[in-house]
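Enquirer: Build me a model from this:
(chains A, B, C and D)
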Number of protein chains: 2
Amino acid sequence: MKNMHYTRDNMAELLRGHDINPTHQRIEIAHALFSRQEHLSADQVMAIVNTRHSETSKATVYNTLKLFLEKRLIRELIVDPSKVFYDPNTTPHHHIYEIDSGKMSDIDADQVKITGLPPLPDNMVTEGIDLIVRIRNKN
Amino acid sequence: MKNMHYTRDNMAELLRGHDINPTHQRIEIAHALFSRQEHLSADQVMAIVNTRHSETSKATVYNTLKLFLEKRLIRELIVDPSKVFYDPNTTPHHHIYEIDSGKMSDIDADQVKITGLPPLPDNMVTEGIDLIVRIRNKN
DNA sequence: TCCGGAAGTTAGACAAAGTCTAGATTATTG
DNA sequence: CAATAATCTAGACTTTGTCTAACTTCCGGA
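Expert: You can find the predicted model right below:
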């Protein structure tokens, strides 16, 4: 997704590539997420999509985000107890979370090494590893 | 806290040691958490504490858990999007989360090494590092 | 002992995120 | 064009957590 122009057409292409039927609403939601490359909550996605005139309902925003998750188009960030954030960057990476401001930034997974994790039971697979560094201002 | 008998008296002692005035309700809540050494949600804490007869209100459960957090008696686990869990184990450790069942288990931080994390801005301090391994059943 | 304030607790109203339902729209296919 | 499947929608509902204002308990000093 580097150097990509986030046109609606390209969004449709992206959706098709993930087995998602590119409807108007889905294209708008994908566009909101990918053109910003930021971590957005469902609320924020909805606000962005509906800025000019109402384009999608709350139910559709939630349904669509869930669909994108299943199809591995985006990633879910469970970091703030009050709401989930969605991350259009699905490459392996970790997060720094500023507790006070809520600001989040990425750490490329390449530079980070995690060793010594215990082996999993045979019938289990790793769905993902979330590493979150919580930081705050010195007093 | 190894080999400790989780009597109410010992709970009171523990609370005093963390600058917390040991009231009846606080002792009961601490007892619920520490005698089990499990990750409990606010809901679960309340259910446990009020099994026999009503002992504490919802407001007190939430107030008390927040107080325990501030005084670093327990730790907050943000793992499930729908609710926060509280962990009586404050020694450095990480978590394995079974997505389907919600079951959580600990990984001692001693055996795990994390290297290559970027340096923080000068005015910032690390509040904590959360490492969560999300696993699920093979199909 | 009595008074008064501080600390703690409470019921219940409230807020916000997210889910669900049942009907309306749109697209697709024979 | 009709039938069917897929998608979208408003709004009711659920759940977790917060807030408020009143009530209780505790404690130190006169």
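
Enquirer: Get me the contact residues on chain A for DNA strand D.
Expert: Counting by CB under 7 Å from any atom of the strand, chain A comes close to DNA strand D at A:21, A:23-26, A:54-60, A:63-64, A:81. Any C-beta I mention is one placed from the backbone N, CA and C, and that applies to glycine too.

Enquirer: just the buried members of those residues?
Expert: With neighbours counted by 16 or more other CB atoms under 10 Å in any protein chain shown, those contain buried members at A:Q25, A:R26, A:T56, A:T60, A:T64.

Enquirer: before we move on, the earlier item: just the residues of chain A next to DNA strand D now: which is nearest DNA strand C?
Expert: Nearest to DNA strand C among these: A:A59, at 3.6 Å, using CB to the nearest atom of the strand.

Enquirer: In three-state terms, label the closest one for me.
Expert: helix (DSSP: H, G, I helix; E, B strand; the rest coil).

Enquirer: Secondary structure and pLDDT added to the buried ones among the residues of chain A next to DNA strand D, as CSV?
Expert: Formatted as CSV, those follow (DSSP: H, G, I helix; E, B strand; the rest coil; pLDDT from 0 to 100):
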residue, secondary structure, pLDDT
A:Q25, helix, 97
A:R26, helix, 98
A:T56, coil, 97
A:T60, helix, 98
A:T64, helix, 98
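
Enquirer: Contacting DNA strand C as well, which ones from the residues you listed?
Expert: Of those, not one also sits near DNA strand C (CB under 7 Å from any atom of the strand).

Enquirer: Throw these into a markdown table and include distance to B:D9, thanks.
Expert: Output for those, formatted as a markdown table (distance: CB to CB, whole Å):
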| residue | distance to B:D9 |
| --- | --- |
| A:Q25 | 60 |
| A:R26 | 60 |
| A:T56 | 58 |
| A:T60 | 56 |
| A:T64 | 55 |
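
Enquirer: residues in contact with A:I99?
Expert: A:R134, A:I135, A:R136, B:E127 (CB atoms under 8 Å, 6 or more residues apart in numbering or on different chains).

Enquirer: Could you look up the SS state of A:D19?
Expert: Of the three states, A:D19 takes coil under three-state DSSP.

Enquirer: quick one: the closest residue in space to it that isn't next to it in sequence from chain B, how far?
Expert: Nearest non-adjacent residue to A:D19, counting by CB to CB, 6 or more residues apart in numbering or on different chains: A:K71, 5.9 Å away. According to CB to the nearest CB, to the nearest Å, A:K71 and chain B sit 17 Å apart.
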